[in-house]
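Chemist: test case, fold it:
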Amino acid sequence: MKIKAGFAFCLVFLLATDSAAQIKLPDTTKLNSTHDLQLPAWGPYSKHYAGISHIPEVTSGMRFDFSVFPGYYRNKLLVPNVRFESSYFPWNVKNDGSAITYRYELEWKDQVYTDVTYTLIDTSSVLVSMHCVNNTALPQNLSLNLVASIEYPDNYGMQQLKHGEGTQWYNAVDYRSLSFAIKKPATDLVYDGWMRGEVRDSRLINGRGVGKEFGRQPGDKIEYDVNISPGIKKARLLFIYTMKSGKGSAIQLSGLINQKVTFLPGDTLAILDIPFEITSNNSRRLTLTSLGGEEILLNGFVITTALSGKPFTIVPAPMLKTPVTEEDPEARTLLLKYQDVPVHYGITWDKEPFKVRSIRNDELDIFFRNETHNHVAKVLNGNMKGDYANIFIRPVELAPFSSQTCTALLTSGTHDGVLAALKRSLPQQKDTIPDEKGILEEGKKYQFSHKMLKSTLLSNVVYPTYTQNQFIKHFTPGKWWNSLYTWDLGFVALGLSTFNPALAAECINTYVTSPGSQSAFIHHGSPLPVQIYVFLELWNKTQSRELLSYFYPRLKQYYQFLAGRYGSSSTNVLSSDLLKTWDYFYNSGGWDDYPPQVGVHSQHLEKQVTPVVTTAHVIRVAKILRMAARALNKVADLKEYDKDISRFAAALQNHSWDAKSGYYSYVMHDGAGHATGFYKDPASGVNFNMGLDGAYPIISGMCTPDQQEVLTDKIFSPKHLWSPSGITVVDQSAPYYRIDGYWNGAVWMPHQWFVWKSMLDIDRSDLAYKVAAKGLDVYKRETDASYYTFEHFLAASGRGAGWHQFSGLSTPVLAWFDAYYKTGTITPGFEIWINEQSFNDDYSAYKANISFDEATLPHKRALLAGMNPAFDYQAKFNGETVVLKRLEKGVLQITLPATNKSGMLTISRYNSNKAGRN
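Modeler: Numbering: from 1, shown residues only. Just a heads-up that it's a prediction; the model follows:
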C-alpha cells in the first residue's frame, strides 16, 4: 500500500477490504453540514430485532425493519432481540457494509443453526439468504418467520398543526439565537448536542419546543427570523405554549412587534393571540426578552394574515403502523404501504409452503412465542400497539448432516417499481465477504475473534439518534444503549480507523462542532477527548491535509472547553489549575465505580476535589494539537498550547504527586480553590487513588524519569495493577480493591490502549507487546468459547462479563491485531507525527518523513512496522542505523534516537548473508 501526502481524495462509503487498496476519505464539504454517517439507506439500524432496516427519509426519524426469526417447526422460536442475549450473533460483515451475516444458534454449538445474510444489491434492493444447517445425526424440521414493521422515532409528536395559505408555523427550536440570563456550566455544552433550551416531548407539536426554565429570569432572550410577504399590512402572531402553574410570565416582544405580553398558565397547549400592524419600521426579526416569572414551554408560533377566527387546528397525529397490503400467493409476493412513509416495500421469497400473517402486538419476545402453536389464524391479535407483517415458511426439512438455503428479496420504491422488481428472478447469493489479506501466519489464531469484534462493531449502528436538530445514523457501544456516547464512540472511531478511515472520520465528525457553535462538542457521558487521539491515528495513516484543515479548528474548540478556556466551561475554576469535569458528568475517566470517584460523589465533594485523568489527558491532547498546529503553520497556537502544558503539568507535579503511595492523587481544595492535600480513603487513611487514574500522567509525557519508573513498575507489577488478565483499574493491594465491581476488579481494553501507546513513546516496546498480547489472548479465549464480544473481563479468571455484543471500548483489540499481525501497518505512540510515508509494492521497503512532540523533552521512542515477512531488515534515521528488533516474522520494533528534530526514517531489506540481524 502506497501512502503519500497530497492524494486526490474522493467521496466513498468505506475503505476496501484489501489492505493493498488506496485509502480513500470523505469529502469534508459534506461533513460540514451534518453529523450523520454517510451509510446506505439499508443497514443494520434496528433497535428491536436483528436484521436489516431501511430509512425512507433521514429527516423523518421513520425506520422500516425486516428480520428473520428461525426456529424448529411447531416448537422453539428464536426471536433475535438486540437488547438482550437471544442466541444470535453478528457473524460476518463486509467492510463496506454491503453484506451482513447473522448466525442464529438453534442448538449450541453449531449443531443446528441458520445463517442469514443480507446483501445490498443496489440502493433499493436487498437479497436475503437463509442458510439452514443440520450438523446432527437426526433429521430436523425448521421454520422461518420473515417479519416486517415500521417504527416511529422517540418523542414523536402526537399532535400536528394544520393550516391553510397565509399562515406560517415556526417551531420554537428553530430560533436564530437563545441566551439565558444566568449562564450555567453546560450553556456551551448542551447534553447530547441538543439545541440550547430544547425540550422533546411527544405531547408537543413536532415533539419538541423550548423550555429548560426559559422565562424565569429577567433577561432570558430568544430571537427568530420571520418571513412576511410584501404588501401585508396587518397580521396576527399566535404563540402555542404550556405553563404548568404560577402567576404567569411577562415577555417583552421587539423587532417585528414592540409590545409587552403575559403568558398565563395552562396545562395543555395554550394560545396567546397578538394582532399587530406591519409598517416600514418593522424588523423581520422577532425577539422575546423575559421580564421574569414562570417557566414557559414554548412549542412555537404562527404568523397569519387571517385577522379573525382560528387560522389553524391542532389535530392528533397517531402512529399508523398498520400497512395497506397487496398479497399474491401464486407469485409469492407481498407489497406493504405505510401511510406516513413515502415509499412502498415489497417482499418475495422462493420457498413453499408458507402463510402470510399479521401480528398485532408491540413486542414479539413473549407474545409471538406464546402464539407458536396457533397455526390457523391469519391475524394474531395482541395489544394492538404494533403491527408486524409475517411470512411464515414451514417446514424447512433437513436430513442429517445437510443444509438448505432459502432466499428472499426486499425492495423499496414506487408501487409499480416495487412490483416490477418482485417479478424478476431472484439473484444468486455470492461469496461477498472475502478473507482479509496481509495477515501474518502468527496472527491467524486471532482471526476468528478479530472477525467477530469487527462484525459486532459494524452491526452496532442505530437510527434514529437525535442531535443538533437532526436525526442521524449513529454507532453505539451496544444496542442496549441507542444514544450518543462521547468516550465510547471515540473508541468506535479507533476501531474503524484500522480498516475504514473514511467511516472513522465520519464518526469523529459526529462529535465535533463548527467553531462558535452552541456546543463546543457533542457530549454524552464521560468527557474524555478520545476523538483527538483518533484523529492523530487517522493523520498518521493518511497524511490528509484536507482532514487536518477541517478537523483542527473543531478539535481545538473541543480541547479549549476541557482546558477551561471556552465559553461556559467550568473545568478550570480552581486556583490550583487542576481540572475537573464533575459539572458535566459523574464519571471522570469512564470507570463507573472507581473508588475515589464514588467517594467524591457520596461525600458531595465535587466542588473541591479534582481527579488526575482530566488534567493528564488535556496535557497530552495539547501536545497532539500542537503538532497539528505546527503542520498547519499556526504559530500563535503553539504558544497557547505551551502555556497550557506548562501550567497543567506544574499543577500535577506541585499538588498531586504522592511519593509515599507511588501514585498521583486526587486533590482536596479549600473554599478559595487552593490545593490543601491528598484525598484519602476514609476507612483506611491510605491514598484513595491507587489505580489507573493515579498512573495516568505517564501518558502525558510529563513525569520525571524516577516517577516514570515508579508508575511503570506499578502498572506491570502482579502485586499492583497487572492481573492474570491484563491491567486492572484499581491497585490489587489497595484496601478498596474488589473482585465484584464493574471496573473495580475487572480488565477493560481502553485504558490499556493508552498505556500501550505510552510504552511505545518511552521506548518500552517489550511492555507494549505484553499489554497487546495479553489483550488479544484474553479476548480470543472468551470469544472462541462463547462467540460473544464482551464488554469487560474479570481480572482473576479472564472470563467475559457485561454486555455480550459490545464494541464501544473493546476496539483496541483490532488495533493490536493490526499492529502485530498485519503487513503494511505502521504504529507509533502519541509523540510521532508522520509528515509523509510510503511502502514499496511488496512491503519490503518503507520511507517516512517524521516529526516529534517538541513539547516533551527529547528521548528515545519506539515504532512498530509490519513488513513483508519473507525478508530481514535494517532501519536508518537520517542515514544513521537505529536499533531494530524482530518481534514476529515481519513485525519490527524500531527505536528512534533521543531527538526532537524531524528526519527521514527508512526501512530496507538486510543482506541475509551477514550475521547479527534478526
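
Chemist: and the strands in the stretch 651-800 of the chain?
Modeler: For the stretch 651-800 of the chain, the strands defined by DSSP state E, counting those that start in this stretch occupy 657-658, 663-664, 667-669, 675-678, 722-723, 726-727, 746-747, 792-794, 800-801.

Chemist: in CSV, list the ones you listed along with mean neighbour count and distance to Gly300.
Modeler: Just so you know, the C-beta spots here come from the backbone N, C-alpha and C atoms, and that holds for glycine as well. Shown next, in CSV, are these (neighbours: other Cβ atoms under 10 Å; distance: least, Cβ to Cβ, whole Å):
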stretch, mean neighbour count, distance to Gly300
strand 657-658, 20, 55
strand 663-664, 30, 51
strand 667-669, 22, 45
strand 675-678, 16, 49
strand 722-723, 20, 56
strand 726-727, 26, 52
strand 746-747, 25, 48
strand 792-794, 23, 45
strand 800-801, 20, 47
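
Chemist: what helix or strand is Thr29 on?
Modeler: helix 28-31 (DSSP states H and E).

Chemist: hey, C-alpha coordinates of that helix in CSV?
Modeler: C-alpha atoms of helix 28-31 as CSV (Å, rounded to 0.1, in the frame of the first residue of the first chain):
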residue,chain,number,x,y,z
THR,A,28,-15.1,17.4,4.1
THR,A,29,-17.6,19.8,2.5
LYS,A,30,-20.1,17.0,3.1
LEU,A,31,-19.0,16.6,6.7
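
Chemist: tabulate the strands of the stretch 651-800 of the chain in JSON lines, adding columns for distance to Ser53.
Modeler: What follows is the strands of the stretch 651-800 of the chain, written out as JSON lines (distance: least, Cβ to Cβ, whole Å):
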{"stretch": "strand 657-658", "distance to Ser53": "52"}
{"stretch": "strand 663-664", "distance to Ser53": "47"}
{"stretch": "strand 667-669", "distance to Ser53": "49"}
{"stretch": "strand 675-678", "distance to Ser53": "52"}
{"stretch": "strand 722-723", "distance to Ser53": "40"}
{"stretch": "strand 726-727", "distance to Ser53": "36"}
{"stretch": "strand 746-747", "distance to Ser53": "33"}
{"stretch": "strand 792-794", "distance to Ser53": "29"}
{"stretch": "strand 800-801", "distance to Ser53": "28"}
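
Chemist: tell me which of those strands lies nearest to Asn509.
Modeler: Among these, strand 792-794 comes nearest to Asn509, with 28.1 Å by Cβ to Cβ.

Chemist: quick revisit: figure out which of the strands of the stretch 651-800 of the chain is closest to Ser179.
Modeler: Using Cβ to Cβ, the nearest of those to Ser179 is strand 667-669, at 30.5 Å.

Chemist: quick one: strands adjacent to that closest one?
Modeler: Within its sheet, strand 667-669 is paired with strand 609-610 (antiparallel), strand 675-678 (antiparallel), according to DSSP bridges.

Chemist: can you redo those as a markdown table with distance to Asn141 and mean pLDDT?
Modeler: Formatted as a markdown table, the strands paired with strand 667-669 follow (distance: least, Cβ to Cβ, whole Å; pLDDT from 0 to 100):
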| stretch | distance to Asn141 | mean pLDDT |
| --- | --- | --- |
| strand 609-610 | 64 | 98 |
| strand 675-678 | 68 | 98 |
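
Chemist: need the per-residue pLDDT for the residue nearest to the spatial centre of the chain.
Modeler: Nearest to the geometric centre of the chain sits Leu489, at 3.0 Å (Cα atoms, centre = their mean). On pLDDT, Leu489 comes in at 97.

Chemist: what is whichever strand or helix holds it packed up against?
Modeler: Element membership of Leu489, judged by DSSP H and E, is helix 486-497. Taking 3 or more Cβ pairs under 8 Å, 6 or more residues apart in numbering; DSSP states H and E as contact, the helices and strands that helix 486-497 lies on are helix 447-459, helix 501-510, helix 530-542, helix 750-761, helix 812-821.

Chemist: okay, the angle between it and helix 812-821?
Modeler: Angle, helix 486-497 to helix 812-821, by axes from the mean of the first three to the mean of the last three Cα atoms, to 10 degrees: 30 degrees.

Chemist: now helix 486-497: how far from the chain's centre is it?
Modeler: Distance of helix 486-497 from its chain centroid, counting by Cα atoms, centre = their mean, to the nearest Å, is 6 Å.

Chemist: closest one to Ile907 among the strands of the stretch 651-800 of the chain?
Modeler: Evaluated with Cβ to Cβ, the strands of the stretch 651-800 of the chain place strand 726-727 nearest to Ile907, the distance being 30.1 Å.
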